[in-house]
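[1] just need the structure, nothing else, for what follows:
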Amino acid sequence: QVPRKWKESVTVLIPKGGEDPKSVKNWRPINLQDCIYKLYAALWAQKIAAWAIKSGVASKSQKGFMPVNGCHENLFLAQSILNSTRRSKKPLYMTYYDLQNAFGSISHQLIHVVLQAQRLPKHAREVIMDLYHGASFCILTKEGCTGRIANQRGVKQGCPLSPILFNLAIEPLLQRLAACNEGLELRTTDGKPQVKVSHMAYADDLKTVAATRVGISKLHQVVEDFLQWTGLKANPSKCATLGLKVQKAKQVPDPVKLTLHNEVLPVVKLGEAYKYLGIKDAVESPVQQSQILRVMSRTKKDLNKLLRSELDPWQKLDALRTFVMSRLDYYLRHCYPYKQQLVAFDVYVRAALKAAFKLPKSTSKEVFHQPIPNGGLGCTSIQTMAAATQIGHAIQMLNSPDDMIRAVAEGQVLEVIKRAFVYTPDDETSDREAILAFLNGKDIGCLRRRSKKADIRSLWSELPGNIAMSKTRLATGVNGRYVLQKADGAALDQKQLIRSIKQHMAEWQREGEICAAPHTAIPQTNWGNKASPLPPLYS
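    Just a heads-up that it's a prediction; the model follows:
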């Protein structure tokens, strides 16, 4: 048992962005607890998570709060499903679920029953139930704290133990969905069976996938039964369904009428999208293109506001790198703007910086994009950002600890290859050779290019160009893992891969552009850093 004081917390209400603040449900309760309690809870969270993974209790389809690249893996799988069905012109049915106050609604009794069924050791269950027995909180308001309120249901948002408890509590739902034997089949490498995807989960963000109307209805019934059994509620207005059937070799809408809590779920139509984990899940590429263009437009506006501010020059540059440009990374991983759009963005940023810092028009572009220690302003080119993030993302998927993600990644590359080439594999190793040859832009005997390129725009269709731009090559490393190498064969740091790619690209770009135009380069004084005074030109 822990001291009663450890069970007392203060709750702060944080408004949800973009929602009506006048509604109570649009405020997120965050629990503030003593540090000693959080340390104790974190130790148990680490032990329980390790037990759940090792024992196989935690499904690999649950990517939220797990020690994996979960958000990006789910988005990759979602895009692979859409791309594969577009290429093959196959039916596709999906349902997106939005749970109402999922963390705050989980019953403590449900947690106890599920942990017991999962055979978590008794002493661990007793510790968890003791942490919630007699727990209370007060709500911090402008007038001060309210009286103590008993915590009778829900896990505490802000407690280190809450994420793994929530995951284990909804684990029965994921297992039931997997047992339905429904889903959409995706190809892998030749000689291996296809993988079937029926659902994806990121904490309480749930998505089901099927190849038929009957299949998606069956999966929906499982979700509906689970909600009824647990007492959890969904937001029907924020859920959605998508149905596509094939008619005359074309995908056409085929909406499925599904209901939750006696309300019909909205239908995602062609040309529309459902925002899944921050990225628009759309069948048509222009929808995703418009999303990244809007983000780039907002970034330009914020850049102008920042440069007009009263901050010192080094502060503006630091804020630009840290808060403005960094927001593009997430979208550049999953959206694929055209090169001319990236070039135009870089031109705009350089023009704005020239005007703000009174630089001559002849200033080399690498002055803006080189790191500060190299004499530049440290504003990485968006072309470099896009290439580095997409290369790193692709290699992370090819080397994922999840067998299914790895298989789907290789299968997606082969789909692109078979659309662009006549592929005649010689033996079992031909798939790996073909993947490496295609991504490195090399010719091998089993690949013969068709008369024209015939693939949709995707991560894999853009990857060969990005690898060529970065002056790297993909190779096979230890245990069959994919590694990225420099021209001399030295491998880049796989743990910090995206950062390593950016640094590598900065090195060879510096050798080229800046050395070729030294009269426009800024001396290596680290003037963009707070520690060094600015030259008179920038004062």
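[2] ok, the most centrally placed residue in the chain - contacts?
    Note on the chain: the residue nearest the mean C-alpha position is His72, at 2.9 Å, using Cα atoms, centre = their mean. By Cβ atoms under 8 Å, 6 or more residues apart in numbering, His72 lies in contact with 333-334, 393, 396-397. C-beta coordinates here come from the backbone N, C-alpha and C atoms, glycine included.
[3] rerun at 6 Å
    Applying Cβ atoms under 6 Å, 6 or more residues apart in numbering to His72 gives no contacts.
[4] try Lys156
    31, 162.
[5] now do it against Gln33, distance only.
    From Lys156 over to Gln33 the distance is 7 Å, taken as Cβ to Cβ, to the nearest Å.
[6] what's the answer for Val68, then?
    Distance from Val68 to Gln33, by Cβ to Cβ: 27 Å.
[7] and Asp431, how many neighbours?
    Look at Asp431: counted by other Cβ atoms under 10 Å, it has 22 neighbours.
[8] quick one: average confidence on the helix or strand it falls within?
    With elements taken from DSSP states H and E, the one containing Asp431 is helix 430-440. In this model, helix 430-440 has an average pLDDT of 89.
[9] tell me which residues in that helix are buried?
    430-431, 433-439 (16 or more other Cβ atoms under 10 Å).
[10] could you say what helices and strands the strand or helix carrying Gln412 packs with?
    Using DSSP H and E, Gln412 sits in helix 403-420. In terms of contacts (3 or more Cβ pairs under 6 Å, 6 or more residues apart in numbering; DSSP states H and E), helix 403-420 is packed against helix 70-88, helix 382-398, helix 430-440, helix 459-470.
[11] how much does it deviate in direction from helix 430-440?
    Counting by axes from the mean of the first three to the mean of the last three Cα atoms, to 10 degrees, helix 403-420 lies at 70 degrees to helix 430-440.
[12] what are the pairing partners of the helix or strand that helix 403-420 is followed by, and which direction each?
    Next helix or strand after helix 403-420 toward the C-terminus (DSSP H and E): strand 421-423. Using DSSP bridges, the strands paired with strand 421-423 are strand 447-449 (antiparallel).
[13] still on that earlier bit, in JSON lines: the helices and strands packed on helix 403-420, plus distance to Asp318.
    Formatted as JSON lines, the helices and strands packed on helix 403-420 follow (distance: least, Cβ to Cβ, whole Å):
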{"stretch": "helix 70-88", "distance to Asp318": "27"}
{"stretch": "helix 382-398", "distance to Asp318": "17"}
{"stretch": "helix 430-440", "distance to Asp318": "36"}
{"stretch": "helix 459-470", "distance to Asp318": "26"}
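[14] check the ones you listed for me: which has the lowest mean pLDDT.
    helix 430-440 (a mean of 89).
[15] and the angle from that helix to helix 382-398?
    170 degrees.
[16] worst-scoring helix or strand of this protein, pLDDT-wise?
    helix 515-516 (a mean of 48; mean pLDDT, DSSP states H and E).
[17] quick check: closest non-adjacent residue to Pro160.
    Distances taken as Cβ to Cβ, 6 or more residues apart in numbering put Ala42 closest to Pro160, at 3.9 Å, once the chain neighbours are dropped.
[18] list the contacts of Asn346.
    Just to correct that, residue 346 is Asp rather than Asn. 381-382.
[19] what sits closest to Trp399 if chain neighbours are left out?
    Heads up, residue 399 is Asn, not Trp. Nearest to Asn399 is Arg481, by Cβ to Cβ, 6+ apart, at 5.0 Å.
[20] what is the burial count for that neighbour?
    Arg481, neighbours per other Cβ under 10 Å, totals 13.
[21] I'd guessed it sits against Leu398; true?
    No - the criterion here is Cβ atoms under 6 Å, and Arg481 misses it with Leu398 at 8.1 Å.
[22] before we move on, the earlier item: pLDDT value on the residue nearest to Asn399, please?
    Reading off the model, Arg481 has pLDDT 92.
[23] and what of Lys7?
    91.
[24] measure it to Leu99 for me?
    Distance from Lys7 to Leu99, by Cβ to Cβ: 26 Å.
[25] same deal with Arg86?
    Taking Cβ to Cβ, one finds Arg86 at 29 Å from Leu99.
[26] next: Leu242.
    In terms of Cβ to Cβ, Leu242 sits 19 Å off from Leu99.
[27] neighbour count winner among the two?
    Comparing Leu242 with Leu99 by neighbour count (other Cβ under 10 Å), the higher total belongs to Leu242, at 27 against 20.
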